[in-house]
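1. give me a 3D structure for the following:
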Amino acid sequence: MSKKKAFALRIDEQMLKAIEKWASDEFRSTNGQIEWMLMQSLKDAKRDPKPKKEES
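-> The predicted model follows:
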């Protein structure tokens, strides 16, 4: 499992309300929804993080 890093995010109030509504509709937390949205964008741009190979 990857480590998570906290950081402050400045976001337009109306955009946040829309994300909160979408998260609620999908049974996710707002943070979980933002993470999901970012990962979808990374995948669409073919820039998604590759899992590290485990050393044996």
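2. next up, the contacts around residue 32.
-> If you count contacts by C-beta atoms under 8 Å, 6 or more residues apart in numbering, residue 32 has them with residue 23. All C-beta spots, glycine's among them, are computed from the backbone N, C-alpha and C.
3. tell me which element residue 6 falls in.
-> Using DSSP states H and E, residue 6 falls within no helix or strand.
4. per-residue pLDDT of it, please?
-> pLDDT for residue 6: 94.
5. next: residue 9.
-> 95.
6. what do you get for the one 4 residues further on?
-> Per-residue confidence for residue 13 comes out at a pLDDT of 98.
7. that one: neighbour count?
-> 7 (other C-beta atoms under 10 Å).
8. next one: residue 33
-> 19.
9. quick check: it vs residue 27, distance?
-> 10 Å (C-beta to C-beta, to the nearest Å).
10. so which residue is dead centre in the chain?
-> residue 35 (0.8 Å; C-alpha atoms, centre = their mean).
11. helix/strand/coil for that residue?
-> helix (DSSP: H, G, I helix; E, B strand; the rest coil).
12. output the helix or strand hosting residue 15 as PDB - backbone C-alpha positions only.
-> Element membership of residue 15 [criterion: DSSP H and E] is helix 13-25. Taking C-alpha atoms only, helix 13-25 is exported to PDB below (Å, rounded to 0.1, in the frame of the first residue of the first chain):
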ATOM      1  CA  GLU A  13     -16.600  26.900  -3.200                       C
ATOM      2  CA  GLN A  14     -19.000  26.000  -5.900                       C
ATOM      3  CA  MET A  15     -16.600  23.400  -7.400                       C
ATOM      4  CA  LEU A  16     -16.200  21.800  -3.900                       C
ATOM      5  CA  LYS A  17     -20.000  21.700  -3.400                       C
ATOM      6  CA  ALA A  18     -20.300  19.900  -6.800                       C
ATOM      7  CA  ILE A  19     -17.600  17.400  -5.800                       C
ATOM      8  CA  GLU A  20     -19.200  16.800  -2.400                       C
ATOM      9  CA  LYS A  21     -22.500  16.100  -4.100                       C
ATOM     10  CA  TRP A  22     -20.900  13.700  -6.600                       C
ATOM     11  CA  ALA A  23     -19.000  12.000  -3.800                       C
ATOM     12  CA  SER A  24     -22.300  11.500  -1.800                       C
ATOM     13  CA  ASP A  25     -24.000  10.000  -4.900                       C
END
